[in-house]
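*Asks:* Show me how the following folds:
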Amino acid sequence: MSGHATPIPMTARRAGPLRGQAHVPGDKSISHRALILGAMAVGETRIEGLLEGEDVLDTARAMRAFGAQVEALGAGRWSVRGVGVGGFAEPAQVIDCGNSGTGVRLIMGAMATSPITATFTGDASLCGRPMGRVTDPLALFGARAHGRAGGRLPMTVVGAADPVPVRYGVPVPSAQVKSAVLLAGLNAPGETVVIEREATRDHSERMLAGFGAQVSVAQGPEGRIITLTGQPELRPLDIVVPRDPSSAAFPVCAALIVEGSDVLVPNIGLNPTRAGLFATLREMGADLTYENLREEGGEPVADLRARFSPDMAGIEVPPERAASMIDEYPILSVVAAFARGRTMMRGVKELRVKESDRIDAMAQGLRAAGITVDEGEDWWAVTGRGQGDVPGGVTVQSRLDHRIAMSFLILGMASNRPVTVDDASPIATSFPVFEPLMAALGAQIARDNA
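*Replies:* Residues are numbered from 1 along each chain as shown. Model (predicted):
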């Protein structure tokens with residue numbers, strides 16, 4: 001599957017028990033950051049377990065365009081020879097970030113304090129997403145951005161020739177915005193300070209420290225305060241990328257709703273800023289356990305075992321948990337459809353500006369499949385029908401969104417009638433082995449044009 005290819009309709013049908021191990025790809029957030037920081041270090045960074053989905057491959061191509069030597073060594077093994085902080089060359093061509101909001105926003109931050117100019121574009125979904133949330137703080141460093149109406153791609157960013165450090169309070173919980181500002185701060189003199197009222201995924205802070213940057217985190221009356229000292233010489237690292245909890249969510253949730261299932265998902269990153277879904281599922285009554293808890297590369301890791309859970313109940317998800325599971329609300333809403341009672345999700349306005357309006361996309365599709373959904377600007381609620389009572393029998397639009405496509409295919413695996421997704425090609429952006437992995441567990445998912 002390819003996020004840049006012709007549409008691929010796919011249909012999921014009710015399956016027998018899912019059994020076995022699901023070796024999901026490497027963490028996408030960490031993969032992006034490993035490539036970018038490797039390109040800004042001096043020397044060779046070696047990466048094991050890199051996610052080789054389209055989103056990350058687009059970031060690898062971008063780092064080459066900025067002058068780093070980026071080489072695939074095989075089976076998730078990559079080498080990045082960096083150019084140092086402030087050493088980016090001006091790209092000769094437009095930087096195409098495909099479907100990746102993370103990639104484009106972090107790369108903009110990384111180049112915004114160098115005296116170079118770069119033009120960014122992406123697919124139809126990415127070109128519809130707002131970039132002002134990143135370009136506004138980057139302007140404080142001295143960078144300038146010129147894009148389409150509403151701050152949308154294609155967009156040209158003119159880096160600051162004489163950057164200044166900034167102190168910036170992130171207006172909405174966003175690891176992308178926070179990370180873009182921190183990356184820009186690397187090539188600004190003095191201290192750049194980022195303040196977030198709600199903690200978001202902290203991979204950037206952890207990895208910056210690993211590469212040798214001076215970064216500190218403190219809690220203050222304004223919130224979480226991250227201070228970065230600019231213009232360091234980053235040292236190269238050997239990085240082992242843990243497996244992606246956002247990808248693990250799909251086989252885990254499928255096992256919970258498909259009768260008789262027992263699935264082990266090994267080596268999943270359980271960074272507390274990413275693991276909100278698993279805590280939520282356990283509160284709903286899911287049979288989900290952590291095995292072999294350990295630490296790898298500064299990140300907590302475990303094997304997840306998920307078993308069929310017919311007695312799950314709807315809950316109110318704490319709104320302060322939203323930042324730790326923002327990408328997992330679509331698949332959570334599918335699980336909620338098979339639970340008893342109402343699952344309320346608040347504080348999720350960020351879902352409106354993801355690859356699609358994910359609240360609207362899931363609400364429309366779930367309603368068509370026979371599920372009651374209520375929604376507001378920053379909340380939605382799914383009233384579950386319980387195990388064995390979800391009608392299905394619909395064709396839904398993926399809206400060029402990989403998580404919408406995968407969520408509805410999981411829905412079809414436990415619904416009474418098949419569920420078809422009009423275009424599953426975007427799945428390749430984050431989970432290129434989704435089809436064979438799910439098939440190996442026993443899922444019945446087929447391409448309609450096969």
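*Asks:* so Ser407 makes contact with Val335?
*Replies:* No: counting by C-beta atoms under 8 Å, Ser407 does not reach Val335; the two are 9.7 Å apart. For glycine as for every other residue, the C-beta is placed from the backbone atoms N, C-alpha and C.
*Asks:* How is this protein partitioned into domains?
*Replies:* 10-26+242-447, 28-229 (automatic domain parsing).
*Asks:* May I see those domains arranged in TSV, with distance to Arg235 and mean pLDDT as well?
*Replies:* Listed next are the domains of the chain as TSV, based on distance: least, C-beta to C-beta, whole Å; pLDDT from 0 to 100:
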stretch	distance to Arg235	mean pLDDT
domain 10-26+242-447	15	95
domain 28-229	4	96
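*Asks:* Same list, those, but as CSV with mean neighbour count and distance to Pro236 please.
*Replies:* Listed next are those as CSV, based on neighbours: other C-beta atoms under 10 Å; distance: least, C-beta to C-beta, whole Å:
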stretch, mean neighbour count, distance to Pro236
domain 10-26+242-447, 21, 14
domain 28-229, 21, 4
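*Asks:* how about the CA coordinates for stretch 389-407, as PDB?
*Replies:* Taking Å, rounded to 0.1, in the frame of the first residue of the first chain, the C-alpha atoms of stretch 389-407 are listed here in PDB:
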ATOM      1  CA  ASP A 389     -24.700  -6.500  18.400                       C
ATOM      2  CA  VAL A 390     -22.900  -4.100  16.100                       C
ATOM      3  CA  PRO A 391     -24.600  -4.300  12.700                       C
ATOM      4  CA  GLY A 392     -21.800  -3.100  10.300                       C
ATOM      5  CA  GLY A 393     -22.600  -3.600   6.700                       C
ATOM      6  CA  VAL A 394     -21.300  -0.200   5.400                       C
ATOM      7  CA  THR A 395     -18.800   1.400   3.200                       C
ATOM      8  CA  VAL A 396     -16.900   4.300   4.900                       C
ATOM      9  CA  GLN A 397     -14.500   7.000   3.600                       C
ATOM     10  CA  SER A 398     -11.000   6.900   5.000                       C
ATOM     11  CA  ARG A 399     -10.500  10.600   4.000                       C
ATOM     12  CA  LEU A 400      -6.800  10.000   3.300                       C
ATOM     13  CA  ASP A 401      -6.300   9.100   7.000                       C
ATOM     14  CA  HIS A 402      -4.500   5.900   7.900                       C
ATOM     15  CA  ARG A 403      -6.000   5.700  11.400                       C
ATOM     16  CA  ILE A 404      -9.500   6.100  10.100                       C
ATOM     17  CA  ALA A 405      -8.900   3.300   7.600                       C
ATOM     18  CA  MET A 406      -7.500   0.900  10.100                       C
ATOM     19  CA  SER A 407     -10.100   1.700  12.700                       C
END
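*Asks:* Return the distance of it from the chain's centre.
*Replies:* Chain-centre distance of stretch 389-407: 19 Å, with C-alpha atoms, centre = their mean, to the nearest Å.
*Asks:* Name the residues that touch whichever strand or helix holds Thr289?
*Replies:* Applying DSSP states H and E as the criterion places Thr289 in strand 287-296. With C-beta atoms under 8 Å, 6 or more residues apart in numbering as the test, strand 287-296 has contacts from 240, 242, 252, 256, 264, 267, 270, 278, 281-282, 300-309.
*Asks:* Direction included, what does it pair up with?
*Replies:* Sheet pairing of strand 287-296 (DSSP bridges) gives strand 299-307 (antiparallel).
*Asks:* Can you name the next helix or strand after the partner strand?
*Replies:* Heading C-terminal from strand 299-307, the first helix or strand you meet, by DSSP H and E, is strand 316-317.
*Asks:* Confirm Ser79 sits in a helix?
*Replies:* No: assessed by DSSP: H, G, I helix; E, B strand; the rest coil, Ser79 does not belong to a helix; its assignment is strand.
*Asks:* residues contacting it?
*Replies:* Glu44, Thr45, Arg46, Ile47, Gln69, Val70, Glu71, Leu73.
*Asks:* separation between the residue of the chain positioned farthest from its centre and Gly142?
*Replies:* Distance from the C-alpha centroid of the chain peaks at Asp162, with 32.5 Å (C-alpha atoms, centre = their mean). If you measure Asp162 against Gly142 using C-beta to C-beta, to the nearest Å, the figure is 6 Å.
*Asks:* Would you map the strands across the stretch 251-400 of the chain?
*Replies:* Ranges of strands in the stretch 251-400 of the chain, per DSSP state E, counting those that start in this stretch, are 262-269, 287-296, 299-307, 316-317, 340-346, 372-375, 379-385, 392-396.
*Asks:* Now tabulate these in TSV and tack on distance to Ala209.
*Replies:* Below are these laid out as TSV (distance: least, C-beta to C-beta, whole Å):
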stretch	distance to Ala209
strand 262-269	17
strand 287-296	15
strand 299-307	12
strand 316-317	31
strand 340-346	33
strand 372-375	40
strand 379-385	36
strand 392-396	42
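*Asks:* so which of the ones you listed gets nearest Glu205?
*Replies:* strand 299-307 (12.0 Å; C-beta to C-beta).
*Asks:* what inclination does that closest one have with respect to strand 262-269?
*Replies:* Taking axes from the mean of the first three to the mean of the last three C-alpha atoms, to 10 degrees, one finds strand 299-307 and strand 262-269 inclined to each other by 170 degrees.
*Asks:* Show me the contact partners of strand 299-307.
*Replies:* Contacts for strand 299-307 (C-beta under 8 Å, 6+ apart): 30, 206, 242, 248, 251-253, 255-256, 261-272, 278, 286-295.
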